[in-house]
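In: Give me the fold of what follows.
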Amino acid sequence: MEPKKLAIIATKGSLDWAYPPFILASTAAALGYEVQIFCTFYGLQLLKKDLALEVTPLGNPGMPMPLGMDKWFPVLGLALPGMQAMMTAMMKKKMKDKGVASLEMLRELCQEAEVKLVACQMTVDLFDMDKSNFIDGVEYAGAAAFFEFAGESDICLYI
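Out: Numbers count the residues shown, from 1 in each chain. Now for the predicted structure:
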């Protein structure tokens, strides 16, 4: 019997959007799924050696704000210089305090579990990205190659 397959398309490059692909992929791999994450556009940030990702509360109305800020702090204030860095630091501290694994650790878990990490070649070319900035083990392919895997997948997620 062939293993179940999970195909994930990762398109976001912020800290809060980086966790779901790696958490879902590592969990599925642990359950015996064959997993592939296709990173395209800003999702390519997830494959860089240096994960300098930030969280942005601006334009994210579902984000729970510390100290009930969503009730009293003006939305426009989130655009002030330094707010993104502050929110990123607060999110990282909260995750550490709650025992959530780091992105680097989750990504490493995925690689150990043989999750295939695929960089969209068209996007790499479009943004003139240097492949030396990506982690080892990344494969490069176009959308057609991903569709081949996704077309046979039991689950396909767009994140």
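In: Count the neighbours of residue 111 for me.
Out: Here the number of neighbours of residue 111 (other C-beta atoms under 10 Å) works out to 17. Any C-beta I mention is one placed from the backbone N, CA and C, and that applies to glycine too.
In: What does it show for phi and psi?
Out: The phi and psi values for residue 111, taken as degrees, to the nearest 10, are phi -70, psi -40.
In: which residues touch it?
Out: 117, 135, 137 (C-beta atoms under 8 Å, 6 or more residues apart in numbering).
In: hmm, 10 Å instead?
Out: 26, 29, 117, 135, 136, 137, 138 (C-beta atoms under 10 Å, 6 or more residues apart in numbering).
In: Check residue 143 too.
Out: Here residue 143 is in contact with 9, 38, 40, 120, 121, 122, 123, 150 (C-beta under 10 Å, 6+ apart).
In: rerun that using 8 Å as the cut-off
Out: Counting by C-beta under 8 Å, 6+ apart, residue 143 has contacts 38, 40, 120, 122.
In: Which of the contacts of residue 111 fall in helices?
Out: 26, 29 (DSSP state H).
In: hey, C-alpha coordinates of stretch 28-42 in CSV?
Out: Presented in CSV, the C-alpha positions along stretch 28-42 are these (Å, rounded to 0.1, in the frame of the first residue of the first chain):
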residue,chain,number,x,y,z
ALA,A,28,2.1,14.4,8.5
ALA,A,29,5.6,12.9,7.9
ALA,A,30,5.5,11.5,11.5
LEU,A,31,2.2,9.9,10.6
GLY,A,32,3.7,8.2,7.5
TYR,A,33,2.7,10.6,4.8
GLU,A,34,4.9,11.5,1.9
VAL,A,35,5.1,15.3,2.1
GLN,A,36,6.2,18.1,-0.2
ILE,A,37,6.2,21.8,0.5
PHE,A,38,6.3,23.9,-2.7
CYS,A,39,7.6,27.4,-1.7
THR,A,40,6.8,30.2,-4.1
PHE,A,41,6.9,34.0,-4.1
TYR,A,42,7.4,35.2,-0.5
